[in-house]
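Student: For reference, the sequence and a predicted model appear below.
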Amino acid sequence: MFDIIKKLIKNRFAMKARTVFMGTPQFAVTILESLLRSSYQVLAVYTQPDKPAGRGRPVVFPPVKKLALERQIPVVQPETFESSEVGEKLSSFQPELVIVAAFGFILPPEVLSLPKFACLNVHPSLLPRHRGPSPVANTILCGDELTGVTMMLMDAGLDTGPILAQKKVGISFMDTTGSLSSKLADVGARLLREALPKWLGGELKPQAQDESQATYSKLITSKDGEIDWHLPALELWRMVRAYNPWPSCYTWCQGKRLKIHKAIPLGDARGGEMGEVIALAEQPGVGVVTKQGILGLCQVQLEGKREMPANDFVRGKRDFIGCVLGRK
C-alpha cells in the first residue's frame, strides 16, 4: 500500500512539472496528445513555421500547431534558435522540462541547460542506429526487420545523448514510412507515459550510446524519389515503401511523371531492357525489368490522374506494356 501511495505522489509531482513541447509532424501530434491525456502541464508548443504546400501553394499549419490551437496552448514558431529573443521567450515560460519529438531544429546549449529536468527526445529508432532527420525511412531503406523508439537525454550532438528507455517494434514487409511512423508514434507515446514519471522521480539512469554501432540518416528531398532502373528490384521496393507517403517514388513514362505507390520484388526477367515494362503471368500482372529481378507494379499514378491499380492503368493505356520507363 505504501508503495502505491508513493507512486501516486510521484506521478502527481511529474504532471506538475512545467513542460514545453517541441515537435512538428503527425508523429509529434501523437506524443503531445499522450502528454495532454496524462494531464501534464504543457505551457507552450514550439513547432516549425507555417509553409506553403500542395496545388496553389496555400500556407499550411504544421500538424502539431493544429492540435495546440484546438487545446488553446500558446504556439511559438521560431525561424531559428540563434537569436536572443527566441531564448528569452523560452525562458519566460520558466520550463522545468522540455519534450522534443521530430521537431526539426538542433537545440543550442543554452536551451539544453535551461530546464531543471533537462530536454528529452522521443526518437523513432533504436539509437544509436538511424540518428538524424529521417530515421523511419532509413530503417526501411536499410532492410531492417526490427526498429523501435528511444527516449533519450538530449545533448549538443545529433541524437547522441544518453538513453533513458527503449521499446522495440517489428517491421512488416509491406510497411511504408507512413504506416511504420504511425506504429512508432503509438509506441513512443506509451514509452513516454511509462518512463517520464520514473525520470522525474529519479529512477532512471542514463546509459551512454555505443558509438561503434552508430548510423546516420540523411535529409530526404523530392529528388530522392526518382527511380533508377539500374538498381536491383529489392532495393527499389524498399525505396517505394520508404518514400511513401513523401516524396513518392516516380519514373518517367513517355514524357510524363509516373508515381509508383505500391510495388513488390519478383524473380529475374527473361531478357528485356532495364526499365522495360513487361506483362506477368502472376500477380500483380505487370512489372518492370531491373538490374536484378522484376519490380511488380501494384499501385501507380500518372501525372494529372488519380492513383489506381496497375492492371487498371494497363487496360486504359495499351501501349504501356513494352515501353521503357525513365526516359523523359
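Tutor: Arrived safely, thanks for sending. Residues are numbered from 1 along each chain as shown.

Student: same for the longest strand belonging to the chain, what does it pack against?
Tutor: Taking DSSP state E as the criterion, the chain has its longest strand at strand 256-266. If you count contacts as 3 or more Cβ pairs under 8 Å, 6 or more residues apart in numbering; DSSP states H and E, strand 256-266 packs onto helix 233-242, strand 249-253, strand 294-302. Where you see a C-beta, it was placed from the backbone N, CA and C, and this is true even at glycine.

Student: and the ones you listed as TSV, adding distance to Leu97, mean neighbour count and mean pLDDT?
Tutor: Converted to TSV, the helices and strands packed on strand 256-266 look like this (distance: least, Cβ to Cβ, whole Å; neighbours: other Cβ atoms under 10 Å; pLDDT from 0 to 100):
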stretch	distance to Leu97	mean neighbour count	mean pLDDT
helix 233-242	33	22	98
strand 249-253	40	21	97
strand 294-302	43	22	97
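
Student: mean confidence score for stretch 22-40?
Tutor: Across stretch 22-40, pLDDT averages out at 95.

Student: What ranges does the stretch 51-200 of the chain have for its helices?
Tutor: For the stretch 51-200 of the chain, the helices defined by DSSP state H, counting those that start in this stretch cover 63-70, 84-92, 109-112, 135-141, 177-200.

Student: what does stretch 303-323 rub up against?
Tutor: Contacts to stretch 303-323, defined as Cβ atoms under 8 Å, 6 or more residues apart in numbering, come from residues 253-254, 256-259, 261, 276-279, 284-286, 297-302.

Student: returning to what we had before: among the helices and strands packed on strand 256-266, which is nearest Ile227?
Tutor: Closest approach to Ile227 among the helices and strands packed on strand 256-266 (Cβ to Cβ): strand 249-253, 4.5 Å.

Student: between the closest one and strand 256-266, how big is the angle?
Tutor: If you take axes from the mean of the first three to the mean of the last three Cα atoms, to 10 degrees, strand 249-253 sits at 120 degrees to strand 256-266.

Student: what's in contact with strand 249-253?
Tutor: Outside strand 249-253, the residues that touch it by Cβ under 8 Å, 6+ apart are 225-227, 229, 236, 239-240, 243, 257-261, 263, 275, 302, 320, 323, 325-328.

Student: Recalculate using a threshold of 6 Å.
Tutor: 225, 227, 239-240, 243, 257-260, 325-328 (Cβ atoms under 6 Å, 6 or more residues apart in numbering).

Student: Just the CA atoms of that strand, as PDB, please.
Tutor: The C-alpha trace of strand 249-253 is given here as PDB (Å, rounded to 0.1, in the frame of the first residue of the first chain):
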ATOM      1  CA  CYS A 249       8.800   7.200 -55.900                       C
ATOM      2  CA  TYR A 250       8.400   8.100 -59.500                       C
ATOM      3  CA  THR A 251       9.700   7.400 -63.000                       C
ATOM      4  CA  TRP A 252       9.100   8.900 -66.500                       C
ATOM      5  CA  CYS A 253       6.600   7.300 -68.900                       C
END
